[in-house]
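Novice: Kindly generate the corresponding structure for this input.
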Amino acid sequence: MSDRVYNSRQVHRLVVFSISITCLALLVVTVFRSLIVPLCLASFFAYILYPAMMTSEVRFKFSRLSAVCLVMFLLTLALAGSIAGIIPIIRMELIAILEMLPQAKAYVLGHGLPWLIDVGQRFGIDLDAMINLDVRTFNFSDYVGSASETVQNLFNQTSNLLSTLAIVLLTPLFLFFFLLESGHIRTFVRSLVPLDLRQPMRDFAFKVDITLKSVLKRQLMVSLMLACLYCIGFSIIGLKFSLAVGIITGLCRMVPYLDVIVGILLSFVIIVTDPESFGWSLPIGVAVVIGVVQLVDGMVITPRVIGDKVGLHPAVVIASVIAFSDWLGFAGVLIAIPAAAILKILVEESLIAYRNSSFYKQKAEGQSDWI
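Specialist: A predicted model of the protein is given here:
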């Protein structure tokens, strides 16, 4: 990795080139918006599977075509096994949890809200006047019915499961092309970069790759490990729908701190709507499971899997997911973290170039460094 300082001319050309690439990317996103989801899915799987393909090709002496076919076959087996074995169970449990929401609302309004108002009155706070009437009159049934139907359709119809039939057809096609032609794609992209900017662009790509590996690959591994731990823990304490709650909670770890929030909320809905779950044993058990998993994550899993690799700040990840999903919907969720990684490196490199520029270092005659 080079730490060289680039002159002002290179910095200026690099800024112009980066802005041009950004404008081109925005134009492509706007024109080919319907293809963003399959392209993003294919790019994600290609980035994840590329090391396995290279291992098959270099270590086991497979041809490029054979290596691509092998990794895609293994991916297909994994997805097919999940769809056939785990996803139907998650579907049924998730629908059951959604149907519990009206009961959970009734419990909160009948028990939790009066207790909270009473506590507020003891401290001289009129919480009853502060609470919006919409909370009391909000009708979950209108949303739960549509949510349950959405989940049913999502899992029962292949077109709804992957949004459109085009995604089903184009995603594996793009993935096969990306893996098979990865060398040619890199060569072509490299050939487009001006000669004097190739070293800074190589440095930039290296930093982005480190960040993406930390955020995508390693965070995905951490999320899958936590999903297994949550499933085991919730099953041990006897929480209903432990498989769905554990897997959903673990996968939410991709967005920092979201796993804790989702795990608590889903467990709360199940506990307050199940007569057999009343008492303190199950809530304490849920708290212990979440606490132990977080402890294992912080002390063992994250240090060993992610280590001291440079990643993205949790606030940046959360803000990026919200912003890009609001702009592009589901496609925005897919590109939020890679886009945030690129923007992070762009800001860092821009600050380095700015602090090394003559504009920044120039001082007035007789001026001293007082800051």
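
Novice: make it CA atoms for all contacts and neighbour counts henceforth
Specialist: Will do.

Novice: out of everything not next to it in sequence, what's closest to Phe178?
Specialist: Ala46 (6.5 Å; CA to CA, 6 or more residues apart in numbering).

Novice: wait, what's in contact with that neighbour?
Specialist: By CA atoms under 8 Å, 6 or more residues apart in numbering, Ala46 lies in contact with Leu175, Phe178, Leu179.

Novice: Buried residues, the helix or strand encompassing it. List them.
Specialist: For Ala46, the element it lies in under DSSP states H and E is helix 36-58. Under the neighbour-count criterion of 16 or more other CA atoms under 10 Å, helix 36-58 has 36-47, 49-50, 53-54, 56-57 buried.

Novice: Which parts of the stretch 201-350 of the chain are helices?
Specialist: Ranges of helices in the stretch 201-350 of the chain, per DSSP state H, counting those that start in this stretch, are 219-237, 242-251, 258-273, 281-296, 302-305, 314-328, 330-355.

Novice: Spit out the contact partners of the residue nearest the centre of the chain.
Specialist: In the chain, the C-alpha nearest the mean C-alpha coordinate belongs to Met254, at 4.3 Å (CA atoms, centre = their mean). Contacts here follow CA under 8 Å, 6+ apart; on that basis Met254 touches Gln219, Leu220, Ser223.

Novice: which one among those residues gets closest to Phe32?
Specialist: Leu220 (27.8 Å; CA to CA).

Novice: ranking the contacts of Met254 by neighbours, who comes first?
Specialist: Ranked by neighbour count (other CA atoms under 10 Å), the contacts of Met254 have Ser223 at the top, with 25 neighbours.

Novice: Check the gap between that one and Ile247 for me.
Specialist: 9 Å (CA to CA, to the nearest Å).

Novice: for Asp326, same thing?
Specialist: Asp326 is 25 Å from Ile247, by CA to CA.

Novice: higher neighbour count, these two?
Specialist: Remark: of Asp326 and Ile247, Ile247 carries more neighbours, 23 against 13, as counted by other CA under 10 Å.

Novice: Verify the stated contact: the more buried one with Ile232.
Specialist: No. Using CA atoms under 8 Å, Ile247 is not in contact with Ile232; the gap is 10.2 Å.

Novice: shaky segments in the stretch 51-200 of the chain?
Specialist: Within the stretch 51-200 of the chain, the ranges that satisfy pLDDT under 70 run 112, 124, 126-166.

Novice: Helices of that one, residue ranges please.
Specialist: 64-81, 87-99, 101-107, 113-122, 127-130, 133-137, 140-156, 158-161, 165-180, 182-192, 198-212.

Novice: give the contact list for Leu180.
Specialist: Arg64, Leu65, Val68.

Novice: Going by neighbour count, which of the residues you listed comes out on top?
Specialist: Val68 (25 neighbours).

Novice: show me the contacts for it.
Specialist: Contacts of Val68 by CA under 8 Å, 6+ apart are Met53, Phe176, Leu179, Leu180.

Novice: Ser267 now?
Specialist: Counted by CA under 8 Å, 6+ apart, Ser267 has contacts Leu239, Val245, Val286.

Novice: so the second one touches Ile264, yeah?
Specialist: No. The pair Val245 and Ile264 does not pass the contact test of CA under 8 Å, sitting 9.7 Å apart.
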